[in-house]
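# sharing a model prediction with you, sequence too.
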Amino acid sequence: MSKLSKQEFQTREQLDQALAQHVSELLIEAIAIRGNATLVVSGGTTPLGFFGLLSKQHLDWKRVLVTLADDRWLSEHHQDSNARLVKEHLLVNQAAHASFLSLKTEDLDPDDAIEGLQNSFAEIGEIDVLILGMGADGHTASLFPNTPSLQEGLNIKSRQSFIGVMPLVAPHQRISMTLARLLNSRKVIVHITGVEKRAVFETACDGFSPRKMPISALIYEAINPIALYWAE
Ligand SMILES: O=C(O)C(O)[C@@H](O)[C@H](O)[C@H](O)COP(=O)(O)O
């Protein structure tokens, strides 16, 4: 298992503040060492407050590339688009100077976009900071339990960086980074709130059950440090 640390906060506001500060420091460090930084974020409702605070951090955002761990296969104008979420809540204020690489292409089907994305992401190399959420079913990114493409998504020897996904219990066809690509990150942060999700996360830590709880594969297969950021 990876080196897992757990950061707990009294309130979600304190969590968002601390996470924005920490991610900002990681990006500044990456820029100092390599000249640029890659930040991969997730969608959902949890990161909204954090995005707002991170967007106000002073750092050389021109040198930061922001992209997503997964997205829904929807127009960027759709309210459920993660690209829309990031553009409206993160790529504002200071962070408006960052570049953004969307996972959504003009292709009708996410499977048709995989090769092109694969090439773009080969140039990116190792991700500096990856921030993931988690669903109460143990999914992370769009690696959902029991979906047909999950086997490829969880194969850490796979050279494939993305899979197309149709979740059984959530709306919209999606594209997701594979576990192998997610794990090619210098720092992985799991950002969750609430007691229910915390219990799910602890269960995932207690046993390797990737098909039932894909987040457990992330926890068990990671080589680089993982940090849980949690508040009730
Ligand atoms: O785009 C997405 O929906 C995700 O990347 C997904 O993995 C998300 O992080 C979890 O479903 C948690 O979502 P909430 O924050 O809304 O609970």
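Cool, the structure landed.

# other SSEs contacting the longest helix along the chain?
Across the chain, the longest stretch assigned as helix under DSSP state H is helix 12-34. Contacts defined by 3 or more C-beta pairs under 8 Å, 6 or more residues apart in numbering; DSSP states H and E place helix 12-34 against strand 4-9, strand 37-41, helix 48-54, strand 127-132, strand 185-193, strand 226-231. C-beta: built from backbone N, CA, C; applies to glycine.

# tabulate these (CSV), appending distance to the ligand.
Shown next, in CSV, are the helices and strands packed on helix 12-34 (distance: least, C-beta to the nearest ligand atom, whole Å):
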stretch, distance to the ligand
strand 4-9, 16
strand 37-41, 8
helix 48-54, 9
strand 127-132, 6
strand 185-193, 8
strand 226-231, 13
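
# and the chain, which residues reach the ligand?
42-46, 69-70, 82, 133-135, 139-141 (C-beta under 6 Å from any ligand atom).

# can we see that at 8 Å?
42-47, 68-72, 82, 132-136, 139-142, 170, 174, 176, 192-193, 197 (C-beta under 8 Å from any ligand atom).

# ok, back up a step: mind putting the helices and strands packed on helix 12-34 into CSV with mean pLDDT?
Below are the helices and strands packed on helix 12-34 laid out as CSV (pLDDT from 0 to 100):
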stretch, mean pLDDT
strand 4-9, 97
strand 37-41, 98
helix 48-54, 98
strand 127-132, 98
strand 185-193, 98
strand 226-231, 98
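
# who touches the longest helix of the chain?
The contact list for helix 12-34 (C-beta atoms under 8 Å, 6 or more residues apart in numbering) reads 7, 9, 36-39, 49-50, 52-54, 56-57, 59-60, 63-64, 128-129, 131, 186-187, 189, 191, 193, 229-231.
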